[in-house]
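what follows is a predicted protein model with its sequence.
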Amino acid sequence: MFLRQGAVTWFSGTDDQGTGLDYDLARMFAAQHGLTLKVIPTNNPVQRLAQAAGGAMIGAGGIYRPPERSPATDSDIFVYSSAYYAIEPVLIYNIDGFKPGTWRDLAGETVGILEGSGIEPALVKVRKEHPEVRWQSLALPSTEALISQVSDGTLSYAIVASSEANATRSVYLAFDTAFMVAGRQELAWAFPGKETRLRDQVDSFFARCRRDGTLAKLIERYYSRGQVTRLDAGVFQDRVKSLLPQFRENFERAQDETGMEWRLLAAISYQESQWDVQATSETGVRGLMQLTEDTARHLGAVDRLDPQASITAAARYVGYLKDKLPARIGEPDRTWLALAAYNIGIAHLEDARVLAQKQQLNPDAWSAVKKTLPLLALPEYYEDAKFGYARGGMPVAFVDRVRAYYDILLSQQPSRKPRLRMFSEIDNPPAPTEEAALGNR
């Protein structure tokens, strides 16, 4: 498979192979059909398909599906799958420069587009109507690289997918969206023209993923990311440079001991304490991970102000919470639900899951439970809840911000190479008391 890297297509994740929407779909498709998945990174998947000789090949990673009977499509060379997602192409600009309102504002300006993305057919009308704009096709490794050039001022303007712009807003801080440049465009996989059988198998696979909810879960995972303000993201990136190096070894050691990914632990810690060892809240939680005295004691952290003890105890606690959830809950929902419980307690999380089920929502999906958690602050709901009132909006905001910080760290910091051990593979710490089970606050 020829696959272009990007903020949502395929990027460095928690293992050596990485993660991403297109990569995850390809891995599942290969497993379903008993195939071996070989990923070949490329700047231009479609071009590589045209050059490939033999073999069942697929091109993926931010490829636009050409409209039917498009003059830019040669059906003898390529065929395309059904769409698996739709996006809107947008014009982005460097915020230190001029924000255009229309194409006429870009007379004489250069606008970059990613070579091989297939966006050209959607721009035929615009380019014909505005010959005053200079168009530059760039052979870059990813849409993210194109966004990076706009953010650092190398390029003033570019056209990218709205989804990619949203996914990188907290990573590249000096760009913004000016306006939409075309109607909704469908993303698809490309195949050599003779591979209609493989294309049909992929179409059937996409259809099944839509029916059973797999595609919706993946889209929520990669497109519905946590958000922080640009100011918060800027401060965070400054502290990644100035403070994180002091504690990185502690986070990595906690990963080695517990199997909890070090960048996720770092994101939790930043949200909790901004990496301040002495942090103490008005409710008595302390240290890098803001643990209660009770939770820390039961997880073996005698001194909450000791960075290693605090981080390792918190990693064990998140693992304990993940183990308390039903085995049927998969990732990443399992992690997001556990983080919500870390903030508000497993008992209140269960109340929210019960409420989700009553409202005919999926109690095992974070996208559903995040809707019912805030309801626990309303009397018409908490009066019927087993554990009563809860400030349910807090864990939703907590998980959202942790996810945003985690995404930034995934894009900027390398993974830890030693094998990740699951929590169940290490010695089980004693279960926290009922007080701890009601929350780490």
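Looks like it came in fine. Numbers count the residues shown, from 1 in each chain.

what are the boundaries of the strands in the stretch 51-200 of the chain?
Along the stretch 51-200 of the chain, counting by DSSP state E, counting those that start in this stretch, strands occupy 59-60, 78-80, 85-87, 89-94, 110-114, 134-138, 157-161, 175-180, 185-187, 190-192.

residue boundaries of the helices in the stretch 301-441 of the chain?
Taking DSSP state H, counting those that start in this stretch, the helices of the stretch 301-441 of the chain run over residues 307-324, 333-344, 346-358, 366-372, 379-382, 393-412, 434-437.

for those, which one ends up most surrounded?
Mean neighbours per residue, mean count of other Cβ atoms under 10 Å, is largest over the helices of the stretch 301-441 of the chain for helix 333-344, with a mean of 25. Using the backbone N, CA and C atoms, a C-beta is placed for each residue, glycine as well.

now that one and helix 346-358, what's the angle there?
Using axes from the mean of the first three to the mean of the last three Cα atoms, to 10 degrees, one finds that helix 333-344 and helix 346-358 are set 130 degrees apart in direction.

how about TSV for the strands of the stretch 51-200 of the chain, with mean pLDDT added?
Listed next are these as TSV, based on pLDDT from 0 to 100:
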stretch	mean pLDDT
strand 59-60	94
strand 78-80	89
strand 85-87	91
strand 89-94	96
strand 110-114	94
strand 134-138	93
strand 157-161	95
strand 175-180	96
strand 185-187	91
strand 190-192	91
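
need those strands in TSV with mean neighbour count, can you?
Output for the strands of the stretch 51-200 of the chain, formatted as TSV (neighbours: other Cβ atoms under 10 Å):
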stretch	mean neighbour count
strand 59-60	28
strand 78-80	21
strand 85-87	17
strand 89-94	22
strand 110-114	21
strand 134-138	13
strand 157-161	25
strand 175-180	17
strand 185-187	22
strand 190-192	24
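
and these: which comes nearest residue 224?
Nearest to residue 224, of all the strands of the stretch 51-200 of the chain, is strand 85-87, at 12.2 Å by Cβ to Cβ.

what packs against the closest one?
helix 162-167, strand 185-187 (3 or more Cβ pairs under 8 Å, 6 or more residues apart in numbering; DSSP states H and E).

to residue 178, which of these lies closest?
helix 162-167 (10.6 Å).

how far does that closest one sit from the chain's center?
How far helix 162-167 lies from its chain's middle: 11 Å, per Cα atoms, centre = their mean, to the nearest Å.

okay if I get the strands of the stretch 51-200 of the chain as TSV plus distance to residue 211?
Putting the strands of the stretch 51-200 of the chain into TSV (distance: least, Cβ to Cβ, whole Å) gives the following:
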stretch	distance to residue 211
strand 59-60	21
strand 78-80	21
strand 85-87	16
strand 89-94	29
strand 110-114	32
strand 134-138	38
strand 157-161	25
strand 175-180	31
strand 185-187	19
strand 190-192	22
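
contact partners for residue 149?
Each residue near residue 149 by Cβ atoms under 8 Å, 6 or more residues apart in numbering is listed here: 112, 138, 140, 155, 158.

again, but for residue 178
Going by Cβ under 8 Å, 6+ apart, residue 178 touches 90-93, 99-101, 157.
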